[in-house]
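A.B. asks: With the input below, show me the fold.
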Amino acid sequence: MFLHLTALSGAALVGTVLAITPEAIPGFRITFCLGSDDFKASTLRAGKWDRFTAKAGGQMIIQARFKLGEPGARLQGIWPAFWSLGEAIRHGVDWPDCGEIDTIENVNGEPLGYGTIHCAAACTEQTALKHGVAFDQGTFHTWAHAIDLRNNNWREQSITWYMDGQSFRILYGGDINDEDAWKSIAQKGMFIILNVAVGGNWPGNVATDTVSGKAASMEVQYVAVYESV
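C.D. replies: Numbering: from 1, shown residues only. Modelled structure (predicted):
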């Protein structure tokens, strides 16, 4: 796994955060779990991490549990995200053609988490396929997306988004209607990224009263990858 933080110096273990074991999922085996042995305040053991690919005929779940910010905090311009980026970007394929799955993005402290797809064809930057779900800031939630390749027909394969075990969106290959674009997001290797961006086209610039520190942070309990058995 490739774990990206906007500022490595701002990463730290706080109590039990980043030292938690994920829950088991019946019918799946854990193939990766990020815990305290892999994360230090000043060191990322990136050599242990790699890309993750859903296997043909199977399912893969990428999941994390974390808390965003504090209720009522002024978060204009703050843009946390838990997402996966296609490894093809390392081999000369431009974004968004390399593929991107946003398990959750949040902007400006709004009480909505967005599950989004970026790819070529039907889901470019201008036509990204996005769907929001309400959640409360300052509370730990479990976010996940599941790639299901059990159907041999790529149009019937799917990606499903979850918050706290409840699905809030499902997307089929047929919704993309472009086989190469679907492969880039569902059948190719992905790096997992957790970050808190500041500013950008979507959230806009920070305001003079935008908070920093813990009130604007992402506190992660675990990150895990599951594969069907």
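A.B. asks: use CA for all of it now, contacts and neighbours both
C.D. replies: Fine.
A.B. asks: Strands of the protein, residue ranges please.
C.D. replies: 28-34, 59-68, 78-86, 100-105, 112-118, 129-134, 141-148, 158-163, 166-172, 190-198, 218-228 (DSSP state E).
A.B. asks: among those strands, which is nearest Asp50?
C.D. replies: Among these, strand 190-198 comes nearest to Asp50, with 6.9 Å by Cα to Cα.
A.B. asks: what's the closest of the strands of the chain to Lys183?
C.D. replies: Using Cα to Cα, the nearest of those to Lys183 is strand 78-86, at 10.3 Å.
A.B. asks: so where is the chain shaky, pLDDT-wise?
C.D. replies: 1-25, 28-49, 124-128 (pLDDT under 70).
A.B. asks: So in it, which helix runs the longest?
C.D. replies: Counting by DSSP state H, the longest helix found in the chain is helix 179-186.
A.B. asks: and that helix, what does it pack onto?
C.D. replies: helix 173-176 (3 or more Cα pairs under 8 Å, 6 or more residues apart in numbering; DSSP states H and E).
A.B. asks: and the helix it packs on, which residues are buried?
C.D. replies: By neighbour count on 16 or more other Cα atoms under 10 Å, the buried set for helix 173-176 is 173, 176.
A.B. asks: The residue in the chain sticking out farthest from the centre and Glu70: what is the separation?
C.D. replies: Using Cα atoms, centre = their mean, the residue of the chain lying farthest from its centre is Thr208. It sits 28.8 Å away. With distances taken as Cα to Cα, to the nearest Å, Thr208 is found 18 Å from Glu70.
A.B. asks: so Ala186 touches Ile159, yeah?
C.D. replies: Yes - using Cα atoms under 8 Å, Ala186 is in contact with Ile159, at 7.5 Å.
A.B. asks: Which one of the two is surrounded by more residues?
C.D. replies: Ala186 (28 against 21; other Cα atoms under 10 Å).
A.B. asks: can you pull the contacts of the more buried one?
C.D. replies: Shown in contact with Ala186 (Cα atoms under 8 Å, 6 or more residues apart in numbering): 54, 147, 159.
A.B. asks: Distance check, the residue farthest from the centre of the chain against Asn108.
C.D. replies: 13 Å.
A.B. asks: Ok, Gln166 next?
C.D. replies: 24 Å.
A.B. asks: More neighbours: those two, which one.
C.D. replies: Asn108 (23 against 12).
A.B. asks: Distance of the more buried one relative to Asp97?
C.D. replies: From Asn108 over to Asp97 (counting by Cα to Cα), the distance is 27 Å.
A.B. asks: just Gly138 next, same as before
C.D. replies: Taken as Cα to Cα, the span from Gly138 to Asp97 is 34 Å.
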